[in-house]
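Trainee: any chance you can model this:
(one chain, ligands or ions: 1)
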Amino acid sequence: MLNSNQFSMLSPEILFDISYGIYIVTSRDGDTQCGFVSNTVMQVTSSPIQIVTMVSKNNYSCSIIEKSEKFNISVLSKDVSKELVSTFGYKSGKDIDKFESLSYETDSRGLPYFKQGTVAMLSCNVVRVIDFGTHLMFVGEVVNGEKTVEGKVITYKDFREIFKAASPKNAPTFQQKLNQVKMEKDLYVCNLCGYVYDPEVGDPDSGIAPGTPFEDIPNTWVCPICGVDKSNFSKK
Ligand code: FE
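Mentor: Numbering: from 1, shown residues only. Down below sits the predicted model:
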């Protein structure tokens, strides 16, 4: 069995070949709402319909789901906004109110979920919790569900491409070798979320024009995905 240190001797890109969807898992305990982006949601039985999700014990949502014994799954689409992913993916509910500036719905149990940027939602009651050391696995029985907006489901691979998270390397061909040289020369990677700044593309949403070298970006600029500043970027 490989542990994480031993695995570093192998190519970590192997793991990127495993396919996942991307979801926002939400819950509420009393007046406290929580939610986070997850790629580990899976249906495990059909009668009754049960799904599982893994939650880090360090995640603010973990204790809230444990207490409330309820959670919702919002199934994200390719139309999901950068703001929704950024807020729920890389920030902690301990530090900010993630729901403050985003529109969301509330189900009949009082739990939040999202319509914009999603294709479906599922309401679940926790029927079992399994301890995996660093994470808890919540087994949820689906008690309700609805289609939200017409759209295409986003996969983990799409997510990495659309939001420019570090993309997996492919077999070494000439073209790919060229790309590798380009990456080593020009690209900067966010140490926290893996977002890759490409000077050819810039970050027009944040006012950084295409063609702007990383060195010329103002120090006030922050990672468009997770919000950390320039000092958290490393040259590829
Ligand atoms: Fe980032």
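Trainee: and the closest residue in space to residue 59 that isn't next to it in sequence, what does it touch?
Mentor: Spatial nearest neighbour of residue 59, chain neighbours left out: residue 36 (5.8 Å); criterion: Cβ to Cβ, 6 or more residues apart in numbering. C-betas here are computed from N, CA, C, even on glycine. Residue 36 makes contacts with 24, 25, 55, 59, 60, 61, 88, 89, 93, as judged by Cβ atoms under 8 Å, 6 or more residues apart in numbering.
Trainee: okay, and for this structure, where does confidence drop off?
Mentor: For the chain, the stretches flagged by pLDDT under 70 are 1-10, 12, 164-185.
Trainee: tell me where it has strands.
Mentor: Taking DSSP state E as the test, the strands found in the chain are 23-29, 32-38, 41-46, 49-56, 70-76, 105-106, 112-113, 118-131, 135-147, 188-190, 196-197, 233-235.
Trainee: neighbouring contacts of the fourth one?
Mentor: The reference is to strand 49-56. Residues outside strand 49-56 that contact it (Cβ under 8 Å, 6+ apart) are 23, 25, 36, 38, 40-44, 61-62, 65, 71, 73, 122, 124, 127, 132, 134-142.
Trainee: count of neighbours near residue 213?
Mentor: Each residue near residue 213 was counted by other Cβ atoms under 10 Å, and the total is 11.
Trainee: ok, residue 63 to residue 132 distance?
Mentor: Going from residue 63 to residue 132 by Cβ to Cβ, to the nearest Å gives 16 Å.
Trainee: what does residue 26 give?
Mentor: For residue 26, the distance to residue 132 - Cβ to Cβ - is 21 Å.
Trainee: the two: which is more packed in?
Mentor: residue 26 (29 against 11).
Trainee: can you tell me the closest non-neighbouring residue to the more buried one?
Mentor: Among residues not flanking residue 26 along the chain, residue 35 sits closest, at 3.8 Å (Cβ to Cβ, 6+ apart).
Trainee: isn't that neighbour right up against residue 99?
Mentor: Yes - using Cβ atoms under 8 Å, residue 35 is in contact with residue 99, at 7.5 Å.
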